[in-house]
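Undergrad: Provide a 3D model corresponding to the input given below.
(2 chains)
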Amino acid sequence: MASPTFRAPKGTRDIMWPDAARWRALGQVFAQTVEEAGYTQVIPPMFENIEVFKRLGDATDVVSKEMYDFEDKGGRHMALRPEQTASIVRAFVEHRPLIPWKAWYSGPNFRYERAQKGRYRQFDQVGIEALGPEDPHLDVEVIALAWRFYQRLGLSQITLMLNSLGSGDDRERFIEALQAHFAAHQNELSEASRTTLAVNPLRVLDSKREQDQAIIDSAPKMLDFLSPEAAEHFEKVQQGLDALDIPYTLNPRLVRGLDYYVRTTFEFISDAFDAAQNAVGGGGRYDGLAESLGGPATPGVGFALGVDRTLLACDAEETFPGPTNVVDLFVIDTTGGQAALALTAALHEEGHRADRSWDNRSMKAQMKAADRSGAQIALIIGEEEAASDTVTVRDLRGQSGQTTVPRTQVNETLRKMMR
RNA sequence: GUGGUCGUAGCUCAGCUCGGUUAGAGCACCUGGUUGUGGUCCAGGAUGUCGGGGGUUCAAAUCCCCUCGGUCACCCCA
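TA: Residues are numbered from 1 along each chain as shown, chains lettered A, B, ... in the order given. Here you go, the predicted structure:
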């Protein structure tokens, strides 16, 4: 690669056509899917006072190590959002909409980390948050919406991983038991996991290191520590998923990175692509978050889905393809360009997608450009057409050949050919 | 933050081991064959700070050091 003076910052990239068009199409499918269920869009700012994100928990790397934080000109300590749940809940606390409040969002997030497949410093997420009800069927709705979204994209190789972290107290008791277990086997644990153990014992369960697997397998299971209430909630979530025929896999080792999760947690894994970053989405309950942001104690549940990773999964499953052409019509004018100027504008007025060639190039060059544009039909104006106020309409893809019609009949001819 | 690996034309890559004339191929692009017709074919053409900097040498794409970037994994997470 020649070395351009400037390039997109590390860990970022330019999304260009056709990817950008596909990106937008994905967003449209998502918006439609969740709006069908009554979720309304929120567009929060991309940065917040850093304290908003610190409420997510100091033990998470997202907060402690990966934040793009800065001091603004007014001396305020701000940060680019590493995720949007905190912003949405902050907005909830600030505006106090009626509950249940069901919101959806879409947009970029920022985390300072080393890029790899499916992981970027600026990455897009779409998601929903539902605040108010404690009803386990709300958990089910949230999961079902993500599931429906994936299905509408044509993804079939998605596994739903499900777990419950219990209520706050259950979690405490579980962590104690976990600590005892790992402490007893400390010498067998990897060095990295011993460090993790000191900071956040739950996360040791997430280790991918070979050395740790046996000890993790023999560790106590969260599900054994659920209080009767939490167990009942979780049971109802499962029954609800069963009722909707949504398949899931119970995974007692599923502990999600953000500290705020309690009770139901879930993750969507793509089995179609071979990469470490195969979690295409995840979420759960965060019953304490509103309170920690200064609002009334309000239960909440939601998910975030990674747009980049979801599209990687689509690539792997060869589904949800991007567009193949940007225009349907292409105007060719070998008489100087004046005719193309007028005809192209007229076509746009009619709502057609039409492009044209420039610089008064040869017929051959213009035909080539027409072919390359992906257009179905070329509208040709040469000396003859210009003299007789006609246009030659040529089918570039089918067997219709070409026909020369008066300028006034172009629209009618196009209607017939495009049907 | 740690480790592996890779940077040569717009793209995919050869050349580097063992330094030596003007740095190559395919695709794409442009022009012509076909002064009114693309997608096939033929002929010709344009395009490179060999990622950047420094060093060794008579001589560096090639050897050494540093650096930047891509990529993959750990970590973390979507």
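Undergrad: Please tell me how far A:Ala279 sits from A:Glu35.
TA: 25 Å (Cβ to Cβ, to the nearest Å). Bear in mind the C-beta positions are built from the backbone N, C-alpha and C, glycine included.
Undergrad: So between the two, which is more surrounded?
TA: Neighbour totals were compared for A:Ala279 and A:Glu35, and A:Ala279 leads with 18 against 13 (other Cβ atoms under 10 Å).
Undergrad: count of neighbours near the closest residue to A:Val255 other than its chain neighbours?
TA: Among residues not flanking A:Val255 along the chain, A:Leu202 sits closest, at 4.5 Å (Cβ to Cβ, 6 or more residues apart in numbering). When neighbours are defined as other Cβ under 10 Å, A:Leu202 has 22 of them.
Undergrad: mind listing what A:Leu305 touches?
TA: A:30, A:125-127, A:146, A:149, A:268, A:280-281 (Cβ atoms under 8 Å, 6 or more residues apart in numbering).
Undergrad: pLDDT, secondary structure and distance to RNA strand B added to these, as TSV?
TA: Shown next, in TSV, are the contacts of A:Leu305 (pLDDT from 0 to 100; DSSP: H, G, I helix; E, B strand; the rest coil; distance: Cβ to the nearest atom of the strand, whole Å):
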residue	pLDDT	secondary structure	distance to RNA strand B
A:Phe30	98	helix	13
A:Gln125	96	strand	5
A:Val126	97	strand	10
A:Gly127	98	strand	8
A:Ala146	98	helix	10
A:Phe149	98	helix	13
A:Phe268	96	strand	7
A:Val280	94	strand	5
A:Gly281	95	strand	5
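Undergrad: With neighbour count added, can I get those residues in CSV?
TA: What follows is the contacts of A:Leu305, written out as CSV (neighbours: other Cβ atoms under 10 Å):
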residue, neighbour count
A:Phe30, 23
A:Gln125, 22
A:Val126, 25
A:Gly127, 26
A:Ala146, 28
A:Phe149, 23
A:Phe268, 26
A:Val280, 26
A:Gly281, 26
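Undergrad: In the stretch 301-419 of chain A, which residue sits nearest RNA strand B?
TA: A:Glu384 (2.3 Å; Cβ to the nearest atom of the strand).
Undergrad: Doesn't that residue belong to a helix?
TA: Yes - checked against DSSP: H, G, I helix; E, B strand; the rest coil, A:Glu384 lies within a helix.
Undergrad: ok, it - contacts?
TA: Contacts of A:Glu384 by Cβ under 8 Å, 6+ apart are A:390, A:404.
Undergrad: how near is it to A:Val391?
TA: 11 Å.
Undergrad: and for those two, which residues touch both?
TA: With Cβ under 8 Å, 6+ apart, A:Glu384 and A:Val391 have common neighbours A:Thr404.
Undergrad: And the residue positioned nearest the centre of chain A, how close does it get to A:Ser207?
TA: Nearest to the mean C-alpha position of chain A, counting by Cα atoms, centre = their mean, stands A:Val307 at 2.4 Å. As judged by Cβ to Cβ, A:Val307 and A:Ser207 stand 27 Å apart.
Undergrad: Please apply the same query to A:Phe70.
TA: Taking Cβ to Cβ, one finds A:Phe70 at 33 Å from A:Ser207.
Undergrad: So if I had to pick from those two, which one is more boxed in?
TA: A:Ser207 (19 against 12).
Undergrad: The more buried one - that's part of a strand, no?
TA: No - checked against three-state DSSP, A:Ser207 lies outside a strand; its state is coil.
Undergrad: Skipping its backbone neighbours, what lies nearest it in space?
TA: A:Ser193 (5.1 Å).
Undergrad: Please list all residues in contact with the closest residue to A:Glu141 other than its chain neighbours.
TA: Closest residue in space to A:Glu141, ignoring its immediate chain neighbours: A:Ala37 at 6.5 Å, by Cβ to Cβ, 6+ apart. Shown in contact with A:Ala37 (Cβ under 8 Å, 6+ apart): A:102, A:141, A:145.
Undergrad: Let's see the pLDDT reported for A:Ala37.
TA: At A:Ala37 the predicted local distance difference test score is 98.
Undergrad: and if you look at the one 3 residues further on?
TA: For A:Thr40, the model assigns a pLDDT of 98.
Undergrad: do the same with A:Glu350
TA: Confidence score, pLDDT, at A:Glu350: 95.
Undergrad: Which residue comes closest to it once chain neighbours are left out?
TA: In space, A:Glu350 is closest to A:Asn411, 6.2 Å off (Cβ to Cβ, 6+ apart).
Undergrad: which element is that neighbour on?
TA: helix A:410-418 (DSSP states H and E).
Undergrad: do A:Ala304 as well
TA: Since the elements are taken from DSSP H and E, A:Ala304 ends up inside strand A:300-306.
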